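[1] have a look at this prediction, sequence included:
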Amino acid sequence: MTIVLLLLLQLNVPDAAQFVGPPKGTPITGEALFARTNEVGQLLRCPVCQGMSIADSPAEMAVNMKAQVRELLARGYTEEQILKYFELSYGEFVLLRPKSRVLWMLPLLALILGAAVVFIKLRKLEKNEPPTANRQPPTDDPYLSRVRDLVSGGKQ
Amino acid sequence: MNRTVLFVGLLIAAVLVAILFLGLGKDPSEIRSPLIGKPAPSFALREVGTGRTVDVTQFKGKPMVINFWATWCAPCWEEHPVLVANARMLQPDVQFLGVVFQDKEDKILGFLNERGTSYPTVVDEAGKTAIAYGVGGVPETFFLDANGVIRAKYAGPMSPDILRENLQKAMKQ
C-alpha cells in the first residue's frame, strides 16, 4: 500500500540507472537482503552525522539512504555499483572506506620512517662518541688526577 | 643543530601550515559537488497545493535555481523572502523551483500560504531526488545553466549577493 502510494506521489525520481547503468548482480530478498543492506550501509557515511555510517544513524537522511540501498540491492545492483552511485552524488566523502589503499598505509609508513630516522641517528651518535677515557681533558691538577684515579678503579 | 634536520623540519612545518591555511581559508558553505559541470539528475515530482506534475526537463532553455528546503529548517525561513523576491524579479528569464523533503505536505502548504511564494514547490517524499543531488542538509541550492547542467551549489541560507553571484555562474554558460 505504501509503495503504491509512493509511486502515485513520486512520478519520476532520479534512478540509479541514470548514473551506473543497469544492475550487474542478482536481486536478493528476505533475510539476505536485510543483512546485505546493513553491510553496504556500513560502508556509507551519513552526510548529516559525525562520522557515522547510514546503517548506524537514526537520522532521517540516513534512513532514506539506507532505504535506497535496500531497494537497489533488491533490484540486483552490486555493492560496487551502489557505492559508485552514492559517490557520484556526494563525492568520495560519502565512502567510509577510502578507495586508495595508500591512505591506510600512511600511518605504517610514518612509523617505519620514524624508526629509520631514530636508528640512523643512534648509529651516528655511537660512531661519533669518543672513548670514555679520552673524553676527560688532561689536567695538571694533582687533586683532580687523584679523584679520577679513584673513580676509574682506585689504582695508583 | 644539524642543517639537514633543520631544513626537513622547516619543510614539513611549511607544508602543514600551507594545508591549514588553505583549509581555513575555504568557505564551508561552498561545497564542491561532484555534480558540478554535469547534467542535473532529471525528476518529475508533484507540486504542493495543485497536485500537478512538475518535470524539471520542461524548464530546459533557461537557467534554473533548485532550492532544497524544509519547513522545520530555520535558515530556510530566513532565505525564503530572498528566493521569492528574486524569482518574482527574474521570471520568466530564470526558473526557480523548491524541492521539499523530510516534511509533511500540510505543513509546507501552511508555510507557503503564510509567507507567500512566486515559484512552484514540489515534494520529494522518500528523499530520492535529494540523494541523487547529493544533498546533505537543508537549505542547499543548485544553479543550472540553460542546458540543464549544474554550474554551482550553495549550502546555507541565500542572501541576495550569494544568489546573484551563483546565478551569474549559471548565466555565463
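    Here it is on my side, so go on. Since the structure is predicted, the reported quantities are computational estimates derived from the model, not experimental observations.
[2] show me where chain B has helices.
    B:3-25, B:74-90, B:105-115, B:128-132, B:160-172 (DSSP state H).
[3] avg pLDDT for the shortest one?
    When you say that, I think you mean helix B:128-132. Helix B:128-132 carries an average pLDDT of 95.
[4] who are the packing partners of it?
    helix A:60-74, helix A:79-90, strand B:95-101 (3 or more CB pairs under 8 Å, 6 or more residues apart in numbering or on different chains; DSSP states H and E). Backbone N, C-alpha and C define where each C-beta goes, glycine included.
[5] near chain B, which residues of chain A?
    A:6, A:9-14, A:18-19, A:47-48, A:60-61, A:64-65, A:67-68, A:86-91 (CB under 8 Å from any CB of the partner chain).
[6] how far off centre is the helix or strand of chain B with the lowest mean pLDDT?
    The helix or strand of chain B with the poorest confidence is helix B:3-25; it has a mean of 82 (mean pLDDT, DSSP states H and E). What separates the centre of helix B:3-25 from the centre of its chain is 35 Å, taken as CA atoms, centre = their mean, to the nearest Å.
[7] A:Lys99 reaches A:Gly91, doesn't it?
    No - assessed by CB atoms under 8 Å, A:Lys99 is found out of contact with A:Gly91, at 11.6 Å.
[8] between those two, point out the one with more neighbours.
    Taking other CB atoms under 10 Å in any protein chain shown, A:Lys99 and A:Gly91 do not tie; A:Gly91 has more neighbours (16 against 10).
[9] now the residue nearest in space to the middle of chain A, nearest residue through space, not along the chain?
    Nearest to the centroid of the C-alpha atoms of chain A, with distances taken as CA atoms, centre = their mean, sits A:Trp104, at 5.3 Å. Ranked by CB to CB, 6 or more residues apart in numbering or on different chains and with sequence neighbours excluded, the top spatial neighbour of A:Trp104 is A:Pro98, at 7.2 Å.
[10] likewise for A:Ala16?
    Excluding the flanking residues, the one nearest A:Ala16 by CB to CB, 6+ apart is A:Tyr85, at 4.8 Å.
[11] pretty sure the one you found contacts A:Phe19?
    Yes - using CB under 8 Å, A:Tyr85 makes contact with A:Phe19 at a distance of 5.2 Å.
[12] circling back: torsion angles phi and psi at the residue nearest to A:Trp104?
    Per-residue torsions, A:Pro98: phi -60, psi 140 (degrees, to the nearest 10).
[13] roughly how far does it sit from B:Asp55?
    38 Å (CB to CB, to the nearest Å).
[14] who's more crowded, the two?
    Neighbour count, other CB under 10 Å: between A:Pro98 and B:Asp55, B:Asp55 has more, with 14 against 10.
[15] is B:Thr53 bridged to anything, and to what?
    B:Arg46 (DSSP bridges).
[16] for it, give me its contacts.
    B:Thr53 makes contact with A:Leu11, B:Ala44, B:Leu45, B:Arg46, B:Glu47, according to CB atoms under 8 Å, 6 or more residues apart in numbering or on different chains.
[17] hmm, back to that, how about the least confident helix or strand of chain B, does it get close to chain A?
    No - judged by CB under 8 Å from any CB, helix B:3-25 stays clear of chain A, getting no closer than 8.8 Å.
[18] show me what that helix is packed up against.
    For helix B:3-25, there is no helix or strand it packs on, judged by 3+ CB pairs under 8 Å, 6+ apart.
[19] let's go with 10 Å and repeat that
    helix A:101-128 (3 or more CB pairs under 10 Å, 6 or more residues apart in numbering or on different chains; DSSP states H and E).
[20] mind listing what the most centrally placed residue in chain B touches?
    Nearest to the geometric centre of chain B sits B:Thr141, at 1.3 Å (CA atoms, centre = their mean). B:Thr141 is in contact with B:65-69, B:79, B:83, B:96, B:98, B:135, B:152-158, B:162-163, B:166-167, counting by CB atoms under 10 Å, 6 or more residues apart in numbering or on different chains.
[21] where does pLDDT dip in chain A?
    For chain A, the stretches with pLDDT under 70 are A:1-10, A:130-136, A:154-156.
[22] switch to 80 and redo it
    For chain A, applying pLDDT under 80 flags the ranges A:1-11, A:98-104, A:128-140, A:153-156.
[23] repeat for chain B
    For chain B, the stretches with pLDDT under 80 are B:1-2, B:5, B:19, B:22-32, B:173.
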